[in-house]
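Novice: Turn this into a structure:
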Amino acid sequence: MLDWIQVDPRDNVATLLQDAPMGQGVGDGRLVATQDVPRGHKIALAPIPAGEAVIKFGFPIGCATTDIAPGQHVHSHNLATALTGDHAYRRDPVPLPSTSPCSHMFQGYLRADGRVATRNEVWVLPTVGCVARTATRIAAAGALRHAGRLDGIHAFHHPFGCSQLGDDLDDTRRILAALADHPNAAGVLLVGLGCEENQLTDLLAAIPAGRRNVIRHVAAQAAEDEIAQGGALLDELVEMAATAQRTAVPLSKLVLGVKCGGSDGLSGLTANPVVGRVTDMVTGSGGATILTEIPEIFGAEQILMNRATDDAVFGDTVDLVNGFKRYFLDHGQPVSENPSPGNVAGGITTLEEKSLGAVQKGGHAPLTDVIRYGQRTTKAGLTLLEAPGNDAVSATALTAAGATMILFTTGRGTPLGFPVPTVKIASNSVLAERKARWIDFDAGQALEHGVDGTADALLDTMMRIASGEPTCAERNDEREIAIWKRGVTL
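Specialist: Numbering: from 1, shown residues only. Presented below is the predicted three-dimensional model:
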């Protein structure tokens, strides 16, 4: 017999945990697969007439486009989304579970403003793409000079900062200013050109005044030798940063960003629920978790809205979701233009199915705040952040919002890393074994050991990483940022 998971008793489909060849008995033996069904894909448990809802996670994930018989493969050939555009939502508060604080501690860097960092680094940020390589050269030379003195010296290049207007330019400046304010950056060197739209003076003004003592800047057009001058300023920052030492701090000092990328049919059954349990531990201890990827909650947004702590948070969530749907529609695109080809190959059929799995990363935590792209989180509990689903753009936005660690769940795998420690969590053990150089934690073990026990193991891994153990992405020198560009280019 082959194993499956029926997530909710109301579901009329189940997810297979291994391939089911045609004619093979499935699950408890009451079904026979009437066609080949791959691992992670859905199989019908009962007759589903054309036009009727397909139910998974206890919620509709779309409508059957043809009659589906028990034992049939349920996927893109017979299931379609039911999502539409703007929606009128009603607040229907649900009771929020009480969570006991966790006693876990980690060794972090306590900053003067009370925030706690998981890394002690110097970051080099270019104001404009024209000096991105200049920034990289300054950082690389500095890393050689100061090897072993800090957790790292890194440049984060991007192609923007010029030929931008209005809100688009403001967004670029806002995200760079937020990165410059990050606690993991004990010092920041800004590298400007001189003639760009994103002027150094404007960027400096966007950084909180209390941070400017750890900010240095060089304008390449004005400098005699921008590499030498930038290197000298970087040396100053290193001398200041090198005095920091790790100290024991509680879990409440962690700001967690949660993200999924390259999901498969098991992501919503293993990795995302495991991360959701960790979210509950962090927020229940007085910490903060940030959830983003707004287009990847379409179809499941009501679950989050019902956990809003007050009418204002509920209203802000409605505005954010409907505004993002309007963003799609204004560009002539359907709101359901998701999942990706990799998601589909892994067994996810509709955006509703993907979203119902994705929102589980938020656990059952109260939704305490909604912030816009480039803003910083300020409240404990679960914060919803405006950003698209793109891995690099959303993970950069999580970092800029203040996340000092990102939990990144995946069923397909990716080597990509971001400015803060990014913990790659596999939804299945096959991926964890095959891509051990990418994957930090195997959430596939939840199928054997349960979600709660696996979450405890993940939290232990997180505490080691927060205390300095490098992630796979850090060992592989995978660190990138990406900025969300929404306007015209001059």
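
Novice: so residue 299 makes contact with residue 355?
Specialist: Yes. Judged on CB atoms under 8 Å, residue 299 makes contact with residue 355 at a distance of 4.4 Å. Heads up, the C-betas are built off the backbone N, CA and C, glycines and all.

Novice: Leaving out chain neighbours, which residue sits closest to residue 177?
Specialist: In this structure, residue 177 finds its nearest non-sequential neighbour in residue 206, 3.7 Å apart by CB to CB, 6 or more residues apart in numbering.

Novice: can you give me phi and psi for the one you found?
Specialist: With angles defined as degrees, to the nearest 10, residue 206 shows backbone torsions of phi -80, psi -10.

Novice: do you know how far it is from residue 374?
Specialist: 9 Å (CB to CB, to the nearest Å).

Novice: what is in contact with the two at once?
Specialist: Residues touching both residue 206 and residue 374 by CB atoms under 8 Å, 6 or more residues apart in numbering: 174, 177.

Novice: of the two, who's got more company?
Specialist: Legend: neighbour count by other CB atoms under 10 Å for residue 206 and residue 374, higher for residue 374 (24 against 17).

Novice: Next, find the distance separating the more buried one from residue 191.
Specialist: Between residue 374 and residue 191 the computed distance is 20 Å (CB to CB).

Novice: Measure how buried residue 200 is and give me the count.
Specialist: A total of 19 residues lie near residue 200 under the criterion other CB under 10 Å.

Novice: Leaving out chain neighbours, which residue sits closest to it?
Specialist: In space, and not counting its chain neighbours, residue 200 is closest to residue 192: 4.0 Å by CB to CB, 6+ apart.

Novice: beta partners of the one you found?
Specialist: Beta-bridge pairing of residue 192 under DSSP bridges involves residue 219.

Novice: Might one say that it is in contact with residue 127?
Specialist: Yes. If you go by CB under 8 Å, residue 192 and residue 127 touch, sitting 4.2 Å apart.

Novice: who touches both of the two?
Specialist: Looking at what touches both residue 192 and residue 127 (by CB under 8 Å, 6+ apart), the common residues are 198-200, 203.

Novice: Okay, and which of those map to helices?
Specialist: Counting by DSSP state H, these place 200, 203 in helices.

Novice: For the shared contacts of residue 192 and residue 127, which two are the farthest from each other?
Specialist: Taking every pair in those and measuring CB to CB, the maximum separation is 8.1 Å, between 198 and 200.

Novice: Quick one: the strands in the stretch 201-350 of the chain, in order.
Specialist: Listed in chain order, the strands found in the stretch 201-350 of the chain under DSSP state E, counting those that start in this stretch are 215-219, 247-250, 255-260, 288-291.

Novice: Which elements pack onto the third one?
Specialist: Put plainly, it is strand 255-260. Packed against strand 255-260 by the contact rule (3 or more CB pairs under 8 Å, 6 or more residues apart in numbering; DSSP states H and E) you find helix 271-284, strand 288-291, helix 391-400, strand 405-410.

Novice: do the last one as well
Specialist: Packing contacts for strand 288-291, counted by 3+ CB pairs under 8 Å, 6+ apart, involve strand 255-260, helix 271-284, strand 381-385.

Novice: could you pull out the helices for the stretch 51-200 of the chain?
Specialist: Secondary structure of the stretch 51-200 of the chain (DSSP state H, counting those that start in this stretch): helices at 132-145, 166-180, 200-206.

Novice: and residue 93, which of those is closest to it?
Specialist: Comparing the helices of the stretch 51-200 of the chain against residue 93 with CB to CB, the closest turns out to be helix 166-180 (31.4 Å).

Novice: Work out which residue lies at the spatial centre of the protein.
Specialist: With distances taken as CA atoms, centre = their mean, the chain has residue 259 as the residue nearest its mean C-alpha position (2.3 Å).

Novice: residues contacting that residue?
Specialist: By CB under 8 Å, 6+ apart, residue 259 lies in contact with 292-293, 361, 391, 394-395, 398, 406-409.

Novice: ok, now residue 412?
Specialist: 262-264, 342, 345-346, 431.

Novice: what secondary structure does it sit in?
Specialist: Under DSSP: H, G, I helix; E, B strand; the rest coil, residue 412 falls in the coil class.

Novice: measure the residue nearest to it when sequence neighbours are not counted to residue 416 for me?
Specialist: Using CB to CB, 6+ apart and skipping residues adjacent in sequence, the residue nearest residue 412 is residue 262, 3.3 Å away. From residue 262 across to residue 416, the span is 10 Å (CB to CB).

Novice: Could you do residue 329 as well?
Specialist: Separation of residue 329 from residue 416 (CB to CB) stands at 29 Å.

Novice: which residues sit in contact with residue 350?
Specialist: For residue 350, the contacting residues are 61-62, 79-81, 83, 299, 336, 339, taking CB under 8 Å, 6+ apart as the criterion.
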